[in-house]
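# Provided below for reference: sequence and predicted model.
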Amino acid sequence: MRKRTLVTHPPDVKVPADNRPLVAPIYQSVKFTFDDVGATLEQFKGKRAGFYYSRVSNPTLRQLELLLAELQGRDACLLTGSGVAAIAMPLIALLKSGDHVVHFAEQYQPTRALIGRVLRRFGVASTMLSIDDLEGLERVLAATPTRLVVFESPTNPALKIADIERLTASARRHGALTLLDNTLAGLHNHGQFDVDLFAHSLTKYASGHGDVMGGAVIGRAELIDAMRSDVSILGPTLDPHAAFLLQRGMKTYFVRWDAQCRNALRVAKHLAQHPRVERVRYPGLPGDPGHDLALRQMPDFGTIVTIDVAGGEEVGSRFAERLELFAIAASLGSTESLVVPPALQKVRGFTAEQQRWADIGPGTVRLSIGLEDVDDLTADLDSALGQPELD
Ligand SMILES: *Cc1c(COP(=O)(O)O)cnc(C)c1O
């Protein structure tokens, strides 16, 4: 082999079968090859195990898929390059022109835009309700044949808890599938319910460190496998290196989740006593409207605390700027604490009634609680709330 050939065909290193790496290596390869056409064709047709092209599948992705499916209590998972792609893929794969979708005002804004704006262009109709209005849901499902109900619990940022048992029973009775964006509940919760598909932004708690994006759709194999051929054509693939980092993140998932939930509960209790805080929303607080339902549905209450500061948007902005340990930033679930002030979460295009459902007020601030020492966090919050400029 001449040098110019050698660099494109580097030496092969074989690891003996009884000599395994403790951490699975990254299969940073787009292509996989067999020695003959017959084996390649067999793999193509799904008649033998193996991989061919990483847009379709890759061993590093497969490992993460198997792990996440098991955590969520289902048998199949499909990975995407972001959380929004994990919501978009099932919608595109399952819906066709003329179908009807139900979704909720208390929803992640891009999901609302996907349903109300993008899918609408392709002839998909939708009805938006409040997640508190399950009688309304029953009425809509009884009146209008519906393919899919898309919902969240806890909702972002209002942290309302959906009654998942009632909601899924209603959907099942009327022949609608359910898609739960389970991001805020974590990767291990809600598997006991009759939910058809779960979507997760892995950017949040799987990554955990705010340095990698990804998404997952999880459900029974029959539903996920039916989606795979559409998804491989649409191409929202997760990169193997990102999958490797997410896999690494998952090793500390429960340690981070438990510590951040503990911190969040402490912060919520602390802020509930604060005279400058008008309202604290956290499903772990006994007085929270979602507390009883949350107790029945989840063993923990998440890492987001939403508060309403007296004085509205201006005060909310200054409060966020005064915080030293909380960065003003999008996203959530990182090791560091984050704050989203009222000015950055205004909802556009809602009627007065929908505004009421969404329950985002002029002083609503979302706090994502990190892994810092909780006494430092409460001291930082006190100091930012106590600044004379806030008056
Ligand atoms: C962040 C988030 C998403 C989108 O995830 P990305 O990874 O940012 O695309 C979807 N749903 C919820 C509830 C989220 O918090």
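Okay, I see it.

# Please spell out which residues along stretch 240-248 are buried.
The neighbour-count check on stretch 240-248 (16 or more other CB atoms under 10 Å) flags Pro240, Ala242, Ala243, Phe244, Leu245, Leu246, Gln247, Arg248 as buried. Every C-beta, even on glycine, is put in place using the N, C-alpha and C of the backbone.

# can you map out the strands along the chain?
Using DSSP state E, the strands found in the chain span residues 76-80, 100-104, 125-129, 148-152, 177-181, 197-201, 215-219, 277-281, 304-309, 327-328, 338-340, 364-368.

# can you tell me if the longest one touches the ligand.
No: where contact is defined by CB under 6 Å from any ligand atom, no part of strand 304-309 touches the ligand; the two come within 8.9 Å at best.

# now that strand, how far from the chain's geometric center?
From the chain centre to the centre of strand 304-309 is a distance of 20 Å (CA atoms, centre = their mean, to the nearest Å).

# Packing partners of it?
Under the contact criterion of 3 or more CB pairs under 8 Å, 6 or more residues apart in numbering; DSSP states H and E, strand 304-309 touches helix 253-272, strand 277-281, helix 312-322, strand 364-368.

# List the neighbouring strands of it plus their orientation.
strand 277-281 (antiparallel), strand 364-368 (antiparallel) (DSSP bridges).

# Run through who's touching that strand.
154, 156-159, 184, 264, 267-268, 271, 276-282, 315-316, 319, 332, 361, 363-369, 385, 390 (CB atoms under 8 Å, 6 or more residues apart in numbering).

# Skipping its backbone neighbours, what lies nearest Lys21 in space?
Actually, residue 21 is Pro rather than Lys. Nearest residue to Pro21, sequence neighbours excluded (CB to CB, 6 or more residues apart in numbering): Val15, at 7.3 Å.

# pretty sure His190 is in contact with His200, am I right?
No: contact criterion CB atoms under 8 Å: His190 and His200 do not qualify, at 10.9 Å.

# between those two, what contacts are shared?
Common neighbours of His190 and His200 (CB under 8 Å, 6+ apart) are Asn182.

# Have a look at these two and say which one is more surrounded.
The neighbour comparison of His190 against His200 (other CB atoms under 10 Å) goes to His200, with 30 against 19.

# check contacts around the residue of the chain found nearest the ligand.
Closest to the ligand within the chain is Gly83: 2.2 Å, counting by CB to the nearest ligand atom. By CB under 8 Å, 6+ apart, the contact set of Gly83 is Thr183, Ala199, His200, Ser201, Leu202, Thr203, Lys204, Met213, Gly214, Gly215.

# Quick check: the two most widely separated of these?
Ala199 and Met213 (14.1 Å; CB to CB).

# residues in contact with Ser232?
For Ser232, the contacting residues are Arg55, Val56, by CB under 8 Å, 6+ apart.

# Let me know the pLDDT of it.
Reading off the confidence values, Ser232 has pLDDT 92.

# what's the spacing between it and Thr5?
32 Å (CB to CB, to the nearest Å).

# in the chain, what spans have low per-residue confidence?
Applying pLDDT under 70 to the chain flags residues 387-391.

# Residue ranges of each domain in it, please.
The chain breaks down into these domains under automatic domain parsing: 37-250, 253-390.

# circling back: could you list which of the contacts of strand 304-309 also contact the ligand?
Asn156, Leu184.

# which among the contacts of strand 304-309 end up buried?
Buried among the contacts of strand 304-309 (16+ other CB under 10 Å): 154, 156-159, 184, 264, 267-268, 271, 276-277, 279-282, 315-316, 319, 332, 361, 363-369, 385, 390.
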